[in-house]
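one predicted model, sequence on top.
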Amino acid sequence: MEAEKQIIYELDMAQLSQELKFVTYHDGEIALVDRIVKEKHLHPLHLHPYVVVICTQGSCSFNFNGQRLNFREGQVVLTAPDSTLTDYDMSDDFMGKAICFSSEIIHSLLGPKIGQWNLFVYDQKIHNMELPEALKEQYLCYYQLLRYKMKHPEGSNRVEAMRSVIRGMLLDICSVMDTLQSNISDEESYGKVLFNKFLQQLTKSEIKHQPVSHYADLLSITPKYLSKLCSKYSAKTASEWIRQYTKEDIRFHLCHTNLTLKEVCERTGFKNLSFFVTYVRKQFGMTPMEIRSQN
């Protein structure tokens with residue numbers, strides 16, 4: 001008789017406010033989970049957003065993308081999108097807090113640091129980071145500040161202020177990544193090295209909107225092989241990576257510069273304004289001017 005198939009719940013940013021009991025803030029791109037505790041029926045999850053979880057008390061272990069991960073007080077777990085979480089074993093006193101991010105907001109908040117973030121997250125897939133005591137306290141201060149801002153929503157710049165606080169927290173996490181990366185073995189597979197080089201090329205390219213073949217040629221490999229490597233190490237194709245970086249370049253120029261639409265079109269590698277507007281409408285669900293007016 002076949003074993004009963006385990007049901008895994010899909011959890012994306014849109015579902016967070018419905019699926020979790022303790023979501024204290026949710027704006028479609030960022031969600032704060034104020035209190036994670038031991039429960040009898042905690043569902044196996046397939047997580048679509050990035051998630052940063054800190055254990056504030058007790059301990060927990062679970063299967064994360066097929067590996068057993070132990071998690072205790074003072075540690076932070078950083079997960080990439082499309083991670084699977086099953087078979088929890090929590091201590092009775094376990095407590096934690098989490099912040100969930102869409103891929104788009106991570107890219108927007110980190111700006112030039114996104115290359116470092118991507119290399120770290122997609123190299124390791126699972127990250128259990130030991131926070132120094134001072135940084136643990138600082139992380140909790142960030143969290144309390146965000147909760148305060150939520151309870152006092154006065155002011156027209158509330159969302160922007162909250163995201164500035166979160167950006168500061170992410171940059172501090174990047175500092176921990178720097179320390180951890182210096183301890184990672186230099187013995188990496190050839191495929192992983194190529195994937196890292198692709199992200200580096202994409203990050204530093206002035207015009208990201210290029211065909212996959214352009215980046216494959218820079219690495220002296222075929223476009224098919226590059227997409228295979230991207231799917232293996234990040235669960236995204238090369239085209240999806242290029243599209244994400246292109247979108248954030250467009251968003252930056254529309255929201256943070258005074259360039260005309262024609263200049264933004266040229267700066268981001270589009271041949272004509274009509275195609276640029278069509279691309280933006282398809283990717284963002286709104287026109288370039290609507291994006292600019294919202295910011």
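Noted; the coordinates are in hand.

what are the ranges of the helices in the chain?
With DSSP state H as the criterion, the chain has helices at 16-19, 103-110, 114-124, 133-151, 158-181, 190-204, 212-219, 223-234, 238-256, 261-267, 273-284, 288-294.

those helices: which one's closest to Gln57?
Counting by CB to CB, Gln57 lies closest to helix 133-151 out of the helices of the chain; the figure is 11.7 Å. The C-beta positions use only the backbone N, C-alpha and C, and glycine is treated the same way.

in the closest one, what's buried?
For helix 133-151, a neighbour-count test (16 or more other CB atoms under 10 Å) marks Leu135, Lys136, Tyr139, Tyr142, Tyr143, Leu145, Leu146, Lys149 as buried.

do the same with stretch 15-32
Buried residues in stretch 15-32, counted by 16+ other CB under 10 Å: Leu16, Leu20, Val23, Tyr25, His26, Glu29, Ile30, Ala31, Leu32.

and what of stretch 262-281?
By neighbour count on 16+ other CB under 10 Å, the buried set for stretch 262-281 is Val264, Cys265, Glu266, Arg267, Thr268, Gly269, Phe270, Phe276, Val277, Tyr279, Val280.

span of that stretch from start to end?
Stretch 262-281 has its terminal residues 15 Å apart, counting by CA to CA, to the nearest Å.

hmm, back to that, wait, which of the helices of the chain is closest to Tyr50?
Among the helices of the chain, the nearest to Tyr50 by CB to CB is helix 103-110 (5.5 Å).

so which residues make contact with the closest one?
Helix 103-110 is touched from outside by 29-30, 49-50, 81, 101, 114, 117, 163, 166-167, 170-171, 174, 244-245, 247-248, 251-252, with contacts defined as CB atoms under 8 Å, 6 or more residues apart in numbering.

ChimeraX command for the buried members of these?
Here is the ChimeraX command that selects the buried residues among the contacts of helix 103-110 (16+ other CB under 10 Å):
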select :29,30,49,50,81,101,114,117,163,166,167,170,174,244,245,247,248,251,252
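
what stretches of the stretch 101-250 of the chain score poorly on pLDDT?
Low-confidence segments of the stretch 101-250 of the chain, defined by pLDDT under 70: 122-127, 180-188.

ok, the residue nearest to Thr86 when sequence neighbours are not counted - contacts?
Closest residue to Thr86 apart from its sequence neighbours, by CB to CB, 6 or more residues apart in numbering: Pro44 at 4.1 Å. Contacts for Pro44 (CB under 8 Å, 6+ apart) come out as Gln6, Ile7, Ile8, Tyr9, Thr84, Leu85, Thr86, Asp87.

what is the nearest of the residues you listed to Pro223?
Once CB to CB is applied, the member of the contacts of Pro44 that ends up nearest Pro223 is Thr84, at 28.7 Å.

pretty sure that closest one is in contact with Ile8, am I right?
Yes. Using CB atoms under 8 Å, Thr84 is in contact with Ile8, at 6.5 Å.

now for those two: what residues contact both?
Here Thr84 and Ile8 have Pro44, Leu45, His46 as joint contacts, going by CB under 8 Å, 6+ apart.

with pLDDT and distance to Phe71 added, can I get those residues in TSV?
Formatted as TSV, the shared contacts of Thr84 and Ile8 follow (pLDDT from 0 to 100; distance: CB to CB, whole Å):
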residue	pLDDT	distance to Phe71
Pro44	83	16
Leu45	84	15
His46	81	19
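
let's have those in a markdown table, adding distance to Pro288.
Output for the shared contacts of Thr84 and Ile8, formatted as a markdown table (distance: CB to CB, whole Å):
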| residue | distance to Pro288 |
| --- | --- |
| Pro44 | 41 |
| Leu45 | 36 |
| His46 | 34 |
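
could you list which of these belong to strands?
Mapping these onto strands (DSSP state E) picks out Leu45, His46.

of the shared contacts of Thr84 and Ile8, closest to Gly155?
The closest of these to Gly155 turns out to be Leu45 (CB to CB; 34.8 Å).

contact partners for that closest one?
Contacts for Leu45 (CB under 8 Å, 6+ apart) come out as Ile8, Tyr9, Leu11, Thr84, Leu85, Thr86.

repeat for Thr24
Shown in contact with Thr24 (CB under 8 Å, 6+ apart): Leu32, Val33, Asp34, Arg147, Met150.

and the nearest residue to the first one once chain neighbours are set aside, how far from Met150?
Yep, that's Leu32 we're talking about. Nearest residue to Leu32, sequence neighbours excluded (CB to CB, 6+ apart): Tyr25, at 4.3 Å. Counting by CB to CB, to the nearest Å, the gap from Tyr25 to Met150 is 5 Å.

shared neighbours, the two?
Between them, Tyr25 and Met150 share these contacting residues under CB under 8 Å, 6+ apart: Leu32, Met162.
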